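Asks: got a sequence here, can you build the structure:
(chains A and B)
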Amino acid sequence: MALLDIAGLSLGFGGIEVLRAFDFAVEAGSITSLIGPNGAGKTSVFNCLTGFYRPRAGRISLGGTRIDGLAPHRVTRLGLARTFQNLRLFRELTAAENVMAGRHCRTGASALDAMLGTRRHRHEEAEIAAAARHWLGFVGIIEAADRTAGSLPYGHQRRVEWARALATEPRLLLLDEPAAGLNVGEKEELVALMRRIRDELGITILLIEHDMGLVMQVSEHIGVLDHGRKIAEGTPERVQNDPLVIEAYLGRDDDDASAAA
Amino acid sequence: MSTAIAARAARSPRGMVLSAVLILAALAIPLFANGYALEVLSEAWFYVLLCLGLNIVVGFAGLLDLGYAAFFAVGAYTAGLVTLKLGLSFWFSLPLAVIAASIAGVIIGGPTLRLRSDYLAIVTLGFGEMVRIAVRNLAVTGGASGLVGISRPYLFGYKLDTIGSYYYIFLALALLAVAASHRLENSRIGRAWKYVRSDEDAARAMGINHAAVKLSAYMLGAIFASIGGCFYAAKMTAIAPETFNFNQSLLILLGVVLGGRGKIPGVMLGAIVVVVAPEVFRDIGSMRMLVFALSLLLIMLLRPAGIWPERWRWG
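Replies: Have a look, this model is predicted:
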């Protein structure tokens, strides 16, 4: 059974339809991509999955549990973590403090525990600090732990966001345009990191990405969205040769169309 | 990380020695200070407690609150009602004040969860005024003249009825507030406040229930003020609605902002400045509030993030 199952997802704001009866599945252990032209509705899918948007219709299940309509923090607790298209770090806090945020939903010490300095508080604080270092080490920027996130170079900020998402112990990791703004070398490292997350941690990945080279290189399954509809899906080869996909990206050649008519 | 730990190790012994010296000095002051000085300094410690409480809301959680004096009123009136109307010992008022403040914190926090900045300011301002006007008009709270004749509590068989005893009570409360603030700041909840302050949506995506986190900030801030309010009532033996007016809320907020919101030593400094500075200027007579106001303006112009701001506001 698929880890993530989206069925008949529709989303609209007022009279504007953003998603129309969108069906999609992500197999456990896969790296899957969602592509499509600008404004196709990809980030809206992510916002529905993570509880930020409430769909008009449809069901979303993660590992058999329905998650549509749940508040974002509950979805995260059920094992879905995300990164944002435009970085959303806690810029004035350190990289380590950013990653600690990911542990919030896996720990439970109260304000009273903190004020009294209970065993629970001390145990969890030690665990949270260790986890922050572990995940910063995993993404390869342990040396940045005590620097404020906003002062880090762009590529490192992206990694802090990944570490923060991984710290929530997700089953499914949603990456919204992770390669945007990265140079060729950084993109290579990104592909390697994605594979390590899947292979070493067993975390399934769903990504939105505009860099087609990267998408074709890393994905096992691709869904294509255009104007809120799924127009194709399948392996990279199949999607690349699909006439509807080529048309969505390049437009229809009017001469050919009229000649054919 | 090694640099930060090294820096902390280098700073920590010096910081501890400095804190110990300051605490010893504060403990020794009643041995030679006169009654007037003790009054002013007791009030300064009391404001340290209030400002640290408001700092949880304004500094850590980044929420504006223009009606904070209402929580101070909740504590003071709880103590007054418990001792005068119920005839119980003063000490019963502390747990009741904590409960009452938590409820009041939820009442003000609940409806404002979706509001930001200007709207939050208006609603909290309105809440503060509502509490003041309510106690002014209720018979049980003594109307405009308030409650008079609140009995002085006993501690270990010793009656708390001298300014010296209240000096030590408020000093102890201030130190407890510092310790509690410090522990909260470096905790799961304290970090959650800062995450929500920094980027609410990112915090939610990390599994943080922003509504619960904001409510906890309002509740804890309210508890600090209400405990202070209980002891204020015991010290004054009489309380009236006008003590808890908008100017009071503003003065507490001033201490937080002037000192440096979010930074515990900064907030302590701010609290002491707003109490002590007008007294220092007392010699210049009717001009003193003008001089005080001008010096505040000057400080905010030169140091917009406060005298001693949280690290991130520098960079």
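
Asks: in which helix or strand would I find residue A:222?
Replies: strand A:221-226 (DSSP states H and E).

Asks: other SSEs contacting that strand?
Replies: Contacts defined by 3 or more CB pairs under 8 Å, 6 or more residues apart in numbering or on different chains; DSSP states H and E place strand A:221-226 against strand A:16-26, strand A:31-35, strand A:229-234, helix A:236-240, helix A:243-250. Where you see a C-beta, it was placed from the backbone N, CA and C, and this is true even at glycine.

Asks: can you name every helix or strand that the third one contacts?
Replies: This points to strand A:229-234. strand A:16-26, strand A:221-226, helix A:236-240, helix A:243-250.

Asks: those into CSV, with extra columns for mean pLDDT?
Replies: As requested, the helices and strands packed on strand A:229-234 are exported to CSV (pLDDT from 0 to 100):
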stretch, mean pLDDT
strand A:16-26, 95
strand A:221-226, 96
helix A:236-240, 93
helix A:243-250, 87
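
Asks: CA atoms only: put the strand holding residue A:222 into CSV for me.
Replies: This file holds the C-alpha atoms of strand A:221-226, laid out as CSV (Å, rounded to 0.1, in the frame of the first residue of the first chain):
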residue,chain,number,x,y,z
HIS,A,221,8.1,8.2,-10.0
ILE,A,222,6.9,11.6,-11.2
GLY,A,223,3.5,13.3,-11.2
VAL,A,224,2.8,16.2,-13.5
LEU,A,225,0.4,19.0,-12.6
ASP,A,226,-1.0,21.6,-14.9
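
Asks: neighbouring strands - and their directions - for that strand?
Replies: Strand pairing for strand A:221-226, using DSSP bridges, gives strand A:31-35 (parallel), strand A:229-234 (antiparallel).

Asks: what's the closest of those to residue B:74?
Replies: Closest to residue B:74 of the strands paired with strand A:221-226, according to CB to CB: strand A:31-35, at 52.1 Å.

Asks: so where does the spatially closest residue to residue B:191 that is not a sequence neighbour fall, helix or strand?
Replies: Spatial nearest neighbour of residue B:191, chain neighbours left out: residue A:100 (5.9 Å); criterion: CB to CB, 6 or more residues apart in numbering or on different chains. Counting by DSSP H and E, the element that carries residue A:100 is helix A:95-100.

Asks: what residue is smack in the middle of the chain?
Replies: Let's take chain A. In chain A, the C-alpha nearest the mean C-alpha coordinate belongs to residue A:174, at 1.6 Å (CA atoms, centre = their mean).

Asks: nope, chain B please
Replies: Note: chain B centre (CA atoms, centre = their mean) maps to residue B:50, 1.2 Å.

Asks: starting at the chain centroid, how far to stretch B:72-84?
Replies: A distance of 17 Å separates the centroid of the chain from that of stretch B:72-84, by CA atoms, centre = their mean, to the nearest Å.

Asks: count of neighbours near residue 32?
Replies: If you meant another chain, say so; for now it's chain A. Residues near residue A:32, counting by other CB atoms under 10 Å in any protein chain shown, number 23.

Asks: sorry, I should have been clearer: chain B.
Replies: Neighbours of residue B:32 (other CB under 10 Å): 7.

Asks: and it, how far is that from residue B:19?
Replies: Here residue B:32 is placed at a distance of 22 Å from residue B:19 (CB to CB, to the nearest Å).

Asks: next up, the contacts around residue A:209.
Replies: Under the criterion of CB atoms under 8 Å, 6 or more residues apart in numbering or on different chains, the neighbours of residue A:209 are A:33, A:35, A:175, A:177, A:178, A:179, A:215.

Asks: so which elements touch the helix or strand harbouring the last one?
Replies: What that stands for is residue A:215. Per DSSP H and E: residue A:215 is located in helix A:212-218. Contacts defined by 3+ CB pairs under 8 Å, 6+ apart place helix A:212-218 against strand A:31-35, helix A:184-201, helix A:236-240.

Asks: contacts only, for the closest residue to chain A within chain B.
Replies: Shortest chain B-to-chain A distance, computed as CB to the nearest CB: residue-wise this is residue B:207, at 2.8 Å. Residue B:207 sits next to A:73, A:76, A:77, A:102, A:104, A:105, A:106, A:168 when contact means CB under 8 Å, 6+ apart.

Asks: how much space between the residue lying closest to it once chain neighbours are set aside and residue A:234?
Replies: Using CB to CB, 6+ apart and skipping the chain neighbours, the partner closest in space to residue B:207 is residue A:105 (2.8 Å). Distance, residue A:105 to residue A:234, using CB to CB: 35 Å.

Asks: compare the two and say which one has the larger neighbour count.
Replies: Taking neighbours as other CB under 10 Å, residue A:105 and residue A:234 compare with residue A:105 leading, 20 against 15.

Asks: what is the nearest of the contacts of residue A:209 to chain B?
Replies: residue A:175 (12.7 Å).

Asks: close to chain A, is the host helix or strand of residue B:48?
Replies: Applying DSSP H and E as the criterion places residue B:48 in helix B:35-55. No - judged by CB under 8 Å from any CB of the partner chain, helix B:35-55 makes no contact with chain A; its nearest approach is 12.5 Å.

Asks: which secondary element of the chain has the worst mean pLDDT?
Replies: By default, I'm working from chain A. helix A:254-260 (a mean of 49; mean pLDDT, DSSP states H and E).

Asks: chain B was what I was after
Replies: Least confident helix or strand of chain B, by mean pLDDT, DSSP H and E, is helix B:2-32 with a mean of 73.

Asks: which elements pack onto the helix or strand where residue B:190 lies?
Replies: Taking DSSP H and E as the criterion, residue B:190 maps to helix B:188-198. In terms of contacts (3+ CB pairs under 8 Å, 6+ apart), helix B:188-198 is packed against helix A:95-100, helix A:111-116, helix A:119-138, helix B:200-205, helix B:210-236.

Asks: looking at those helices, which is closest to residue B:98?
Replies: helix B:210-236 (5.4 Å).

Asks: the inter-axis angle of that closest one versus helix B:188-198?
Replies: Helix B:210-236 runs at 110 degrees relative to helix B:188-198, counting by axes from the mean of the first three to the mean of the last three CA atoms, to 10 degrees.

Asks: flag every buried residue along helix B:210-236.
Replies: For helix B:210-236, the neighbour count (16 or more other CB atoms under 10 Å in any protein chain shown) marks B:210-211, B:213-236 as buried.

Asks: what would the helices and strands packed on strand A:221-226 look like in JSON lines with distance to residue B:14?
Replies: JSON lines is the format used below for the helices and strands packed on strand A:221-226 (distance: least, CB to CB, whole Å):
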{"stretch": "strand A:16-26", "distance to residue B:14": "55"}
{"stretch": "strand A:31-35", "distance to residue B:14": "52"}
{"stretch": "strand A:229-234", "distance to residue B:14": "64"}
{"stretch": "helix A:236-240", "distance to residue B:14": "61"}
{"stretch": "helix A:243-250", "distance to residue B:14": "63"}
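
Asks: give me whichever of these is most buried.
Replies: Burial of these is given as mean neighbour count (mean count of other CB atoms under 10 Å in any protein chain shown); strand A:31-35 ranks first at a mean of 25.

Asks: what sits against the residue of the stretch 51-200 of chain A found nearest chain B?
Replies: Distances from the stretch 51-200 of chain A to chain B, computed as CB to the nearest CB, single out residue A:105 as the nearest residue at 2.8 Å. Residues in contact with residue A:105 (CB under 8 Å, 6+ apart) are A:73, A:76, A:77, A:168, B:206, B:207, B:208.

Asks: one more time with 6 Å
Replies: A:76, A:77, B:207 (CB atoms under 6 Å, 6 or more residues apart in numbering or on different chains).

Asks: so can I have CSV of those residues showing secondary structure and pLDDT?
Replies: Shown next, in CSV, are the contacts of residue A:105 (DSSP: H, G, I helix; E, B strand; the rest coil; pLDDT from 0 to 100):
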residue, secondary structure, pLDDT
A:76, helix, 97
A:77, helix, 96
B:207, coil, 95
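
Asks: can you put the residues you listed in CSV and add distance to residue B:280?
Replies: Formatted as CSV, the contacts of residue A:105 follow (distance: CB to CB, whole Å):
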residue, distance to residue B:280
A:76, 52
A:77, 53
B:207, 49
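
Asks: show me which of those is closest to residue A:208.
Replies: residue A:76 (18.2 Å).
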